[in-house]
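J.: could you look at this predicted model? Sequence included:
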Amino acid sequence: MKLYNSLTRQKDEFIPHEPGKVSMYTCGPTVYHFAHIGNLRSYIMEDVLERYLRYAGYDVTRVMNITDVGHLSSDGDTGEDKMLKGAKREKKTVLEIAKFYTDAFFEDCKALNIKTPDVVQPATGCIDEFIHTITVLLEKGYAYEAGGNIYFDTSKLKQYYVFNDFEEEDLAVGVREGVEADSNKRNKADFVLWFTKSKFDDQELKWDSPFGLGYPGWHIECSCISMKYLGEYLDIHCGGIDNAFPHHTNEIAQSEAYIGHEWCKYWFHVHHLNTNSGKMSKSKGEFLTVSLLKEKGYDPLVYRFFCLQSHYRKGLVFSYENLDNAATAYKKLVARIASLLPEGKKSSVDAAKLAEIKKTFADAMDNDLNTSLAVTALYDVLKADANAATKLQAIADMDTVLQLNLLSAAESATEPQKEENGLDAQLVAWIEERIAARANAKKQKNYAEADAIRAELLASGIEITDTKDGVKYKKI
Ligand code: AMP
Ligand code: ZN
């Protein structure tokens, strides 16, 4: 499999450190608010990567942190701790906020068929590990104390800016965020490992340490949690593209300084979900959640389908119009699969054909996780010269990775209506497809087209009625 690696800036052949095994680390959410659907785009694509590696036969161990301390309002060392901000907003304690939004995050993940990683570790549960690593960094001369805080000294590294070709000046945190530089820092790019002093001294959670009563910086948590569970050689590190700098850059700096050799070989970054007014972000206050999509009547898996239709290394623009198109396409796809069900029960799987049609899917995924082509491969299955059982098996296999519940949706699309109306599945699939097309026409205010579809159905002996529970149909 080839994967784009942000570190080498090219598609690299994926070769894990230990043959057959993959260690994978994902930066988890900062649990001071609901995850927005942009965050969840990253987690969906990371989930697809994990599932595809498993599909390809690897034994994967995946670890995720939960950021419940240390992530300041800027991604650098300025501003208030996001958790504290959330707690104040809701007049609760930091731990109450953390528990509430962690549970909400995993509920969203469940609705989107995102598998829970093998290990999920809140940062507040690993304070001893952070203290140990910081102690070693101080002993090795990679860290220093200034003004009560412990800083990582980036000048001790051969190369600090590992992910990009930008001018160091442009990327230095103080400059980038347009805020006052921290005069304790020896170099602009240095970052905090442990805070005992900050402008915001009402920090709720603090721990004793050899460096004083305080709390860890955000970056150290991912290095330590990853190494605690996955050891000194990490195969894949994932996150959204905004994490590449400074978060992942700092993770690499401190991890490699600590272990003394290369740490993680492949860096997988998912590009952003944007709206017409720019990147969707929690701190902007206005953002879309899975619950909101559900309230508006969307199946969360339609959002997953929408994400899979694009490549993870391209920005994706969210609009309801785009989501509606995905909903229509999903419904049509399900209807076409449903139409295979009756024949599928009568035929049996042709193993040679199955392997042949699944190859297009694997080729797409092996090429830097091209889910957009993988979705096309699903449509190719429908057109393939194969019997229905073989097609259904191919779709079931692909769906272990794509996780769109295609077969169960197809079953439920036909079953109740079939019983109710006594119509065969193929006819039901066609009717559903026409009803979806009519809904789409109405949404685009193309009422002539909507009426034409109603007439077309009527000419085939099907009468439709709009009800508060959706469109009903019956044979006349
Ligand atoms: P956070 O909860 O802010 O720590 O972010 C959780 C994950 O979502 C990180 O991997 C971020 O890089 C990622 N992320 C943040 N905003 C977006 C966005 N608009 N689109 C895709 N991923 C995002
Ligand atoms: Zn991280």
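T.: Happy to help now that I have it. Ligands and ions are numbered 1, 2, ... in the order given.

J.: how about the residues of the stretch 51-200 of the chain by ligand 1?
T.: residue 67 (C-beta under 6 Å from any ligand atom). Glycine gets a C-beta too; all of them are placed from N, C-alpha and C.

J.: the helices in the stretch 51-200 of the chain, which residues?
T.: Ranges of helices in the stretch 51-200 of the chain, per DSSP state H, counting those that start in this stretch, are 82-90, 94-111, 127-139, 168-171, 173-177.

J.: closest to residue 292 out of those helices?
T.: Closest of these to residue 292 is helix 94-111, at 10.9 Å (criterion: C-beta to C-beta).

J.: quick one: buried residues of the closest one?
T.: Neighbour-count burial for helix 94-111 flags 94-95, 97-98, 100-102, 104-106, 108-109, 111 (criterion: 16 or more other C-beta atoms under 10 Å).

J.: low pLDDT regions in the protein?
T.: Where the chain drops to pLDDT under 70, the residues are 165-180, 199-201, 282-286, 415-421.

J.: try 80 this time
T.: 73-79, 164-181, 198-202, 277-279, 281-286, 414-426, 429, 468-470 (pLDDT under 80).

J.: about what we covered before: mind checking which of the helices of the stretch 51-200 of the chain is nearest residue 276?
T.: helix 94-111 (23.3 Å).

J.: how about the CA coordinates for the closest one, as CSV?
T.: Extracted in CSV, the C-alpha atoms of helix 94-111 (Å, rounded to 0.1, in the frame of the first residue of the first chain):
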residue,chain,number,x,y,z
VAL,A,94,-13.2,20.6,34.2
LEU,A,95,-13.7,16.9,35.0
GLU,A,96,-17.5,17.1,34.5
ILE,A,97,-17.0,18.8,31.2
ALA,A,98,-14.4,16.2,30.1
LYS,A,99,-16.7,13.3,31.0
PHE,A,100,-19.7,14.9,29.3
TYR,A,101,-17.9,15.7,26.0
THR,A,102,-15.9,12.5,25.9
ASP,A,103,-19.2,10.5,26.1
ALA,A,104,-20.8,12.8,23.5
PHE,A,105,-17.7,12.3,21.2
PHE,A,106,-18.0,8.5,21.3
GLU,A,107,-21.7,8.7,20.7
ASP,A,108,-21.1,10.6,17.5
CYS,A,109,-18.4,8.1,16.6
LYS,A,110,-20.9,5.3,17.1
ALA,A,111,-23.5,7.0,14.9
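
J.: which is the next helix or strand following the helix or strand encompassing residue 227?
T.: Following DSSP states H and E, the helix or strand that holds residue 227 is helix 218-230. The C-terminal neighbour of helix 218-230 among helices and strands, as given by DSSP H and E, is strand 234-240.

J.: can you list the buried residues in the helix holding residue 227?
T.: With the criterion 16+ other C-beta under 10 Å, helix 218-230 contains buried residues 218, 219, 220, 221, 222, 223, 224, 225, 226, 227, 229, 230.

J.: quickly note the distance from whichever residue of the stretch 351-476 of the chain sits closest to ligand 1 to residue 221.
T.: Among all residues of the stretch 351-476 of the chain, residue 371 sits closest to ligand 1, at 14.8 Å; criterion: C-beta to the nearest ligand atom. Residue 371 sits 30 Å away from residue 221, going by C-beta to C-beta, to the nearest Å.

J.: and residue 377, by the same measure?
T.: Distance check for residue 377 against residue 221: by C-beta to C-beta, it reads 39 Å.

J.: and the contacts of the helix or strand hosting residue 436?
T.: For residue 436, the element it lies in under DSSP H and E is helix 425-443. Residues outside helix 425-443 that contact it (C-beta atoms under 8 Å, 6 or more residues apart in numbering): 324, 328, 331-332, 335-336, 338-339, 341-342, 413-414, 417-418, 421, 423, 447, 449-450, 453-454, 456-457, 462, 464, 471, 473.

J.: pull the next helix or strand along the chain from that helix out as CSV, backbone CA atoms only.
T.: Heading C-terminal from helix 425-443, the first helix or strand you meet, by DSSP H and E, is helix 447-459. Extracted in CSV, the C-alpha atoms of helix 447-459 (Å, rounded to 0.1, in the frame of the first residue of the first chain):
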residue,chain,number,x,y,z
TYR,A,447,-41.8,21.3,-9.8
ALA,A,448,-42.4,20.3,-13.4
GLU,A,449,-39.9,17.5,-13.1
ALA,A,450,-41.4,16.5,-9.7
ASP,A,451,-44.9,16.3,-11.3
ALA,A,452,-43.5,14.4,-14.3
ILE,A,453,-42.0,11.8,-11.9
ARG,A,454,-45.4,11.4,-10.1
ALA,A,455,-47.0,10.9,-13.5
GLU,A,456,-44.4,8.4,-14.5
LEU,A,457,-45.1,6.4,-11.4
LEU,A,458,-48.8,6.6,-12.0
ALA,A,459,-48.4,5.3,-15.5
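
J.: for the buried residues of helix 94-111, give me CSV that also has distance to residue 71.
T.: What follows is the buried residues of helix 94-111, written out as CSV (distance: C-beta to C-beta, whole Å):
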residue, distance to residue 71
94, 12
95, 15
97, 13
98, 12
100, 17
101, 13
102, 14
104, 17
105, 14
106, 19
108, 19
109, 20
111, 25
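
J.: now do stretch 88-101: distance from first to last residue.
T.: Across its full length, stretch 88-101 reaches 15 Å between end residues, using C-alpha to C-alpha, to the nearest Å.
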